[in-house]
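Undergrad: Just to be clear, the model below is a prediction. Sequence and coordinates:
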Amino acid sequence: MKKLIALFAVTTLASTSAVAAIALSGAASVSYDDNGTAASATTYDADISIVGTNGGTTVTIGMDVDAGATITGVDMASKIGPVTIAADMHNATETTSATEDNSGTRKASGEGSKPNPDDTSVTISLDVPVGDATIGLDNSGNVTIGGTFAGVTIAHTLKNGDDTTTGSAAIAGMDISVTNKAGTSTWSIGTTVSGVALTLNSGNDITAAFGLAGNKMTVSHFGADAAVSMDAEVWSLAAVNAYSTVAITRALTSGADLTATYSSKDDSLTLKAAVTF
């Protein structure tokens, strides 16, 4: 009996140790959109993320669970001194559907080709501190130099014909960031005035968020976007006229958030209930 008790104690300790190294998180939402003059629609989304850690090695598994249990990513990262090894072990199967191919958003690795290429990969990078800066080199030949100087964070990545420089700083109560990619610059500014959080960017997008009678109200205006052709990095985007949105979010005692959003883009009202854990 004593041996059984001892064995049970050891087993329990091992299980507790294993569980302590695993973090589970996720999010789920249900949205009803009246779509203005078009037919209304209800959409669902539920995702789970599992992160396992052992020392300096981390494995992250992502799952889309609203339409069956579909793996969306499996990544492992580890360090050997100044060398970081990152492995993407999941081959994405995204396609250029009508919905995805008109968003103007940045593609994930492997998206946009037919047939979709195998985008599993192993990336090895070296980060070496030199004074206040850090110099990084990866197996693609990209070199990154970055650091924080007098409160300004700067990073520059050297690529073949596609250099990128980013800078950010908090100045006089404003959060400012600037990015120059292959000669094209974008910027954003964020600040808070009388409890109202304001953001403005180079695309003429303006957002104001503030509390209102126990709710959070966000008023946004999005500037017109010109059409964008699909390339190796971004999806195509049809020309979009300027439009505005008003969103009111309330935290429910159930732990979920309820958001009502009106958009002048298509004169629609969307109701969304969402929870994260």
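TA: That came in fine, so what should we check first? Note that this is a predicted model, so its numbers are computed, not measured. Residues are numbered from 1 along each chain as shown.
Undergrad: low-scoring stretches of the protein, by residue?
TA: Scanning the chain for pLDDT under 70 picks out 1-20, 93-119, 161, 231-234.
Undergrad: Stretch 250-260: how far from the chain's middle?
TA: Relative to the centre of its chain, stretch 250-260 is centred 22 Å away, using Cα atoms, centre = their mean, to the nearest Å.
Undergrad: What are the buried residues along it?
TA: Neighbour-count burial for stretch 250-260 flags 256, 257, 259 (criterion: 16 or more other Cβ atoms under 10 Å). C-beta here means a position set from N, CA and C on the backbone, and glycine is covered the same way.
Undergrad: before we move on, which element is the last one in?
TA: The reference is to residue 259. Remark: residue 259 resides in strand 257-263, with elements defined by DSSP states H and E.
Undergrad: Output that strand as PDB, restricted to C-alpha atoms.
TA: Below are the C-alpha coordinates for strand 257-263, written out as PDB (Å, rounded to 0.1, in the frame of the first residue of the first chain):
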ATOM      1  CA  ASP A 257     -18.300  41.600 -24.600                       C
ATOM      2  CA  LEU A 258     -21.200  42.700 -26.700                       C
ATOM      3  CA  THR A 259     -20.400  45.200 -29.600                       C
ATOM      4  CA  ALA A 260     -22.800  47.000 -31.900                       C
ATOM      5  CA  THR A 261     -21.100  48.600 -34.900                       C
ATOM      6  CA  TYR A 262     -22.600  50.800 -37.500                       C
ATOM      7  CA  SER A 263     -20.800  51.300 -40.800                       C
END
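Undergrad: Based on its surroundings, how many neighbours for the closest residue to residue 23 other than its chain neighbours?
TA: Taking Cβ to Cβ, 6 or more residues apart in numbering as the measure, residue 23 lies nearest to residue 51, with 4.4 Å between them; neighbours along the chain are not counted. Burial of residue 51, expressed as a neighbour count using other Cβ atoms under 10 Å, amounts to 15.
Undergrad: got it, and residue 277?
TA: Other residues lying near residue 277 total 9 when counted by other Cβ under 10 Å.
Undergrad: What ranges does the stretch 1-150 of the chain have for its helices?
TA: All helices of the stretch 1-150 of the chain, identified by DSSP state H, counting those that start in this stretch, fall at 2-20.
Undergrad: Pull out the buried residues from the strand ranked longest in the chain.
TA: Using DSSP state E to define each element, the chain has its longest strand at strand 41-54. If you call a residue buried by 16+ other Cβ under 10 Å, then strand 41-54 has these buried ones: 47, 48.
Undergrad: List the contacts of that strand.
TA: With contacts defined as Cβ atoms under 8 Å, 6 or more residues apart in numbering, strand 41-54 is touched by 21-33, 35, 58-66, 72.
Undergrad: Which among those count as buried?
TA: 28, 29, 30, 31, 33, 58, 59, 61, 62, 63, 72.
Undergrad: Can you lay out these as a markdown table showing distance to residue 175?
TA: Formatted as a markdown table, those follow (distance: Cβ to Cβ, whole Å):
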| residue | distance to residue 175 |
| --- | --- |
| 28 | 31 |
| 29 | 28 |
| 30 | 33 |
| 31 | 30 |
| 33 | 32 |
| 58 | 29 |
| 59 | 33 |
| 61 | 33 |
| 62 | 29 |
| 63 | 34 |
| 72 | 31 |
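Undergrad: ok, so of those, who is nearest residue 132?
TA: Top of the list for closeness to residue 132, among the buried ones among the contacts of strand 41-54 and by Cβ to Cβ, is residue 58 at 27.3 Å.
Undergrad: Distance of the residue nearest to that closest one when sequence neighbours are not counted relative to residue 140?
TA: In space, and not counting its chain neighbours, residue 58 is closest to residue 77: 5.1 Å by Cβ to Cβ, 6+ apart. Here the distance between residue 77 and residue 140 works out to 17 Å (Cβ to Cβ, to the nearest Å).
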